[in-house]
Structure formats: C-alpha cells, structure tokens
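**Student:** Generate coordinates for the sequence data below:
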Amino acid sequence: MLRLTRWTSLMFAIIALNPLIAGADSTGMFAPERVGRWYIGGGLGGFREESNSQVQNQDGQYGSFFSGGYRLHPNIALEIDGLYSSQKMDTPPTIPNSTGRTQLHSAGAGGIVKFILPLDRVELYAGGGLGLYTSQLRVDASPDDIRQEDENNIGYQALVGADFFVSRYVSVGMEYRRFKLDADFGATIPGKIDAGGDFLFATVRGHF
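**Tutor:** So this is what the prediction gives:
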C-alpha cells in the first residue's frame with residue numbers, strides 16, 4: 001500500500017506541474033479535433049496483488065502496459081491493450097528444501113472500451129474490457145532446479161483515469177486499474193489463486 005501511496009503523490013505532482021510546461025497555445029486541443037484519430041500510449045506503476053492464503057510475503061510488485069487506440073467519438077474510444085505484472089513471494093511449501101524465491105508474472109493482451117469526458121486540455125475517462133493472459137510461476141527451488149509452470153485464462157479489468165494534454169500530440173496522466181485473473185498451478189500451489197490486483201500507473205500518450 002505504501003508503494004501505491006508514493007505513486008499517487010508522484011502522479012498528482014506531475015498533473016499539477018504540467019500547466020507550467022504546456023505553454024499558452026491551446027489551438028486544436030478540443031475533443032472534436034481528436035475524433036477519428038489514432039493514439040498510442042503506455043504506463044508504469046505500482047501493483048498491489050490480490051490476497052491469497054497460499055501466497056506469502058510478496059515483494060517487488062510492479063506493473064506496466066502498452067496500448068493503441070482509436071477515437072470513435074468525442075466520448076468513446078477503443079483500445080488494444082497489453083498488460084504486465086510481476087511479483088516475488090515465498091516459495092510454496094510444496095517445493096521442499098528450496099533455496100530461492102518464487103516469481104509470478106502475468107502478461108497478455110485484450111480489448112478495452114473507454115468512455116471519455118472531454119474538458120478541453122483535460123480528459124477524464126472510465127472503461128473496461130477483457131483479454132487472454134498467461135500467468136507464469138517460476139520456482140527457483142535450487143540453482144540446479146528451476147521449475148516453471150504456465151496457465152492461460154481470460155482476464156477482466158476496469159479502469160478510471162485522467163489525461164492532461166501537454167500539446168496537441170502528447171498527453172500525460174494517471175490511471176487506476178482493477179484486474180481480475182485466476183490461475184491454477186496444480187500441485188505446485190494447491191487451489192486456484194487470484195493472479196490479478198490493483199494498478200496505479202503514470203501514463204503518457206502520443207496522439208496522431
């Protein structure tokens with residue numbers, strides 16, 4: 001939670017300082033000028049994992065995304081989105097005599113629908129979508145015994161955020177995502193686990 005708080009403070013600072021960077025020219029900044037255009041973007045930030053009774057002492061959590069979108073309407077955009085998350089944890093007790101930590105990575109791609117409220121240089125948005133994601137469990141049982149298991153599943157996400165247009169072609173902002181993804185690694189971690197969680201991203205997008 002502390003990591004997410006730090007990221008929140010950083011991104012609020014970015015939003016607060018950007019009017020000093022943006023300059024005085026607001027020509028072409030209005031939402032209708034962005035309709036019918038493509039954009040690309042990405043984000044990096046903190047990741048707060050789901051609570052699982054089988055998983056203990058997580059650390060090193062972070063997430064990132066890359067997306068491309070098309071503005072259909074002043075209030076609607078469609079995106080193709082790639083999402084990644086990573087964390088470390090105690091090696092499950094089902095792997096005896098382990099000398100290392102275990103890593104859990106989730107990555108995949110999906111589609112997102114965004115509903116946008118344009119306010120000149122600021123745009124507020126909310127949306128959601130689904131996709132296909134792979135959860136990879138890497139267990140460093142010993143230097144000579146590295147085990148890896150993969151699980152594919154459908155994941156769901158909801159998001160809210162804000163973009164501030166530094167210029168006609170560049171926006172920066174912050175975004176919160178809630179990601180739901182189940183994974184089943186069989187006997188390595190008995191029972192299904194929640195491989196998703198909460199993300200808080202600093203974002204940047206380029207608009208064509």
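**Student:** Tell me where this structure has helices.
**Tutor:** With DSSP state H as the criterion, the chain has helices at 2-22.
**Student:** got any ranges where it has weak pLDDT?
**Tutor:** Counting by pLDDT under 70, the chain shows low-confidence ranges at 1-31, 97-99, 141-144.
**Student:** And the strands in it?
**Tutor:** Secondary structure of the chain by DSSP state E: the strands cover 38-49, 59-73, 76-89, 102-119, 122-142, 145-165, 170-180, 182-183, 193-194, 197-207.
**Student:** For residue 95, find the nearest of these.
**Tutor:** Of all these, strand 122-142 sits nearest to residue 95, with 5.0 Å by C-beta to C-beta. No exception for glycine: its C-beta is placed from N, CA and C like everyone else's.
**Student:** Enumerate the positions of the closest one that are buried.
**Tutor:** Neighbour-count burial for strand 122-142, with 16 or more other C-beta atoms under 10 Å as criterion, is recorded at 122-123, 125, 127-129, 131, 133-141.
**Student:** Include distance to residue 32 when you put the strands of the chain into CSV, please.
**Tutor:** Converted to CSV, those look like this (distance: least, C-beta to C-beta, whole Å):
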stretch, distance to residue 32
strand 38-49, 15
strand 59-73, 10
strand 76-89, 13
strand 102-119, 9
strand 122-142, 13
strand 145-165, 14
strand 170-180, 16
strand 182-183, 41
strand 193-194, 41
strand 197-207, 13
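**Student:** Among those strands, which comes closest to residue 96?
**Tutor:** Set against residue 96 and scored by C-beta to C-beta, the strands of the chain come closest in strand 122-142, at 8.5 Å.
**Student:** now for the closest one, which elements pack on it?
**Tutor:** In terms of contacts (3 or more C-beta pairs under 8 Å, 6 or more residues apart in numbering; DSSP states H and E), strand 122-142 is packed against strand 76-89, strand 102-119, strand 145-165.
**Student:** And the second one, what's buried?
**Tutor:** Just to be clear, that refers to strand 102-119. Per 16+ other C-beta under 10 Å, strand 102-119 contains these buried residues: 102, 103, 104, 106, 108, 110, 112, 114, 116, 118.
**Student:** For that strand, which helices and strands make contact with it?
**Tutor:** For strand 102-119, the helices and strands in contact under the criterion 3+ C-beta pairs under 8 Å, 6+ apart are strand 59-73, strand 76-89, strand 122-142, strand 145-165.
**Student:** so what's residue 43 closest to, chain neighbours aside?
**Tutor:** Counting by C-beta to C-beta, 6 or more residues apart in numbering, residue 201 is the residue found nearest to residue 43 once chain neighbours are left out, at 3.3 Å.
**Student:** Can you give me every residue that contacts that neighbour?
**Tutor:** By C-beta atoms under 8 Å, 6 or more residues apart in numbering, the residues touching residue 201 are 7, 43, 44, 45, 63, 64, 65, 161, 174, 175, 176, 177.
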